[in-house]
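> From the sequence below, what's the structure:
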Amino acid sequence: MKNKSRVLVWSLFDFGNSSYAVIIVAFVFAVYFKNVIASGENIGDFYWSLGINISMIITAVLNPVCGAIADYSSNKKKFLFLFTVLCVVSTSLMYFTGEGTILFAVILFILSNIGFQTGLTFYDAFISEIAEPKDYNKVSGYGYAAGYVGSVISVILVFPLKDNPNILFVISAVFFLVFSMPLFLFLNEKKRAVENVKINYISYGFKKVISTVKNINKFRNLKNFLLAFFFYIDAVNTIIFFSGIYASSTLKFTITELAVFFLIVQITAMAGSYLFVLIGDRIGIIKSLNINLIFWTLLTIAVFVTNDKNSFFVIGGFAGLFLGSTQSLSRTLMTFLTPVEMKTEFFGFYALMDKTSTLIGPLTFGLVSWLSGSQKLAVLSVGLFFIVGMFLLKKVNAKEILINE
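Numbers count the residues shown, from 1 in each chain. As a prediction, the model looks like this:
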């Protein structure tokens, strides 16, 4: 299979799994969980945050082990298939959720999110097999682009099925399964020579994390960036997890209005990713990231003070603009800060930071919403994470960043 064909087959997986990210995590199931399963009670936010935290804790524990497996075995595809099936089956079973099925629904979400998040470790590991080093960023961008297109299509499916959310959960599962199959059927995995020595992947995985932490401490700039990244990406992920619930509960958005809102977000996210590639090249990555974080902080304040739907549509458009660019700029800065000989090791830790960062924000949002009875205060609390991230990012010395073309 030619490289372009391999990239296409690989990208289709991102196209397919985007249905889960949008329909389950950010939009339909999240809103359905709060309004129907939890009967619209504020404690529903807390239950949802528990589901997020439990799944991400388990994923964070599994990640080092999975990274070790991806590094030392030639079975990435088998493990990716296992976690994809876990996500697809758990998602399809959401068809049977309804009012009062809180425990059942939370368990299904935890299992499906573990499958989705952990599978990404193996999926990302394929980049080095389908592209040359000079094309890594480009190929990764193709995956993001395919994911955004899949997200738009998934949201469009909501319009004819807005009164049948349970059917949407099944469609999301089928969508993911169908478009992941080309990878499993046609993408051949490169076999590597493995020493005839039994390796305890669990032990190795955790030893590798400890080793990586020690190595990172030797690179002050990188350590400062990762600490800043931990806080501000936590806030971004919290907004992704709760935006649909907030719009539905506080502003009383209908499913149709939510679908339009998420279409706007996905389209502006695509535009933002491209726009800040140009801005980043012109003024620098750190300055561009700071612009993003300033606007994120202002957007949380705007959400706090606004009470009408039209304003929230505008806020959503801007949020999308900075959603795609914040993720893209962060990965670019990480690339510049990481020594070439330690790319795999440090990017594995970067992914681990991304996963574990979601332990604080969603729980904070859920607790503040439950205890205060106000989702507006919960949104405002998320803004503090952007401020902390911005403050810590100032400790990254831009002059020390060496960009080797």
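
> ok, N166 touching T97?
Yes: taking contacts as CB atoms under 8 Å, N166 lies within contact range of T97: 7.2 Å. Where you see a C-beta, it was placed from the backbone N, CA and C, and this is true even at glycine.

> who has more neighbours, these two?
T97 (22 against 17; other CB atoms under 10 Å).

> Do I have it right that that one meets V28?
No: counting by CB under 8 Å, T97 sits too far from V28 to count as a contact (11.7 Å).

> Spit out the residues that contact these two alike.
Common neighbours of T97 and V28, using CB atoms under 8 Å, 6 or more residues apart in numbering, are F169.

> what's the helix or strand for Y350?
Assigned by DSSP states H and E, Y350 belongs to helix 343-357.

> Please apply the same query to L111.
In the assignment (DSSP H and E), L111 maps to helix 102-125.

> same deal with F391?
Per DSSP H and E: helix 375-393 holds F391.

> picking that back up, can you dump the C-alpha coordinates of the helix holding L111 into CSV?
Taking C-alpha atoms only, helix 102-125 is exported to CSV below (Å, rounded to 0.1, in the frame of the first residue of the first chain):
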residue,chain,number,x,y,z
ILE,A,102,-27.7,6.6,36.5
LEU,A,103,-25.4,3.8,37.6
PHE,A,104,-25.9,1.9,34.4
ALA,A,105,-25.3,5.0,32.3
VAL,A,106,-22.2,6.0,34.2
ILE,A,107,-20.6,2.6,33.9
LEU,A,108,-21.3,2.5,30.2
PHE,A,109,-19.7,6.0,29.8
ILE,A,110,-16.7,5.0,31.8
LEU,A,111,-16.1,1.8,29.8
SER,A,112,-16.7,3.6,26.4
ASN,A,113,-14.4,6.5,27.3
ILE,A,114,-11.7,4.1,28.5
GLY,A,115,-11.9,2.4,25.1
PHE,A,116,-11.8,5.7,23.2
GLN,A,117,-9.1,7.4,25.1
THR,A,118,-6.7,4.4,25.6
GLY,A,119,-7.1,3.3,22.0
LEU,A,120,-5.7,6.7,20.9
THR,A,121,-2.3,5.7,22.3
PHE,A,122,-2.0,2.9,19.8
TYR,A,123,-3.6,4.9,17.0
ASP,A,124,-1.1,7.7,17.5
ALA,A,125,1.8,5.2,17.5
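
> ok, for T238, nearest residue in space, not its chain neighbours?
Using CB to CB, 6 or more residues apart in numbering and skipping the chain neighbours, the partner closest in space to T238 is G361 (3.4 Å).

> mind listing the helices for the stretch 51-200 of the chain?
Under the criterion DSSP state H, counting those that start in this stretch, the stretch 51-200 of the chain contains helices at 76-92, 102-125, 127-130, 136-156, 165-186.

> mind listing what the spatially most central residue of the chain touches?
Central residue of the chain (CA atoms, centre = their mean): N237, 6.6 Å from the mean position. Residues near N237 by CB under 8 Å, 6+ apart: D354, S357, T358, G361, P362.

> try F391
F391 makes contact with A228, according to CB under 8 Å, 6+ apart.

> ok, it to G205 distance?
To G205, F391 is 32 Å away according to CB to CB, to the nearest Å.
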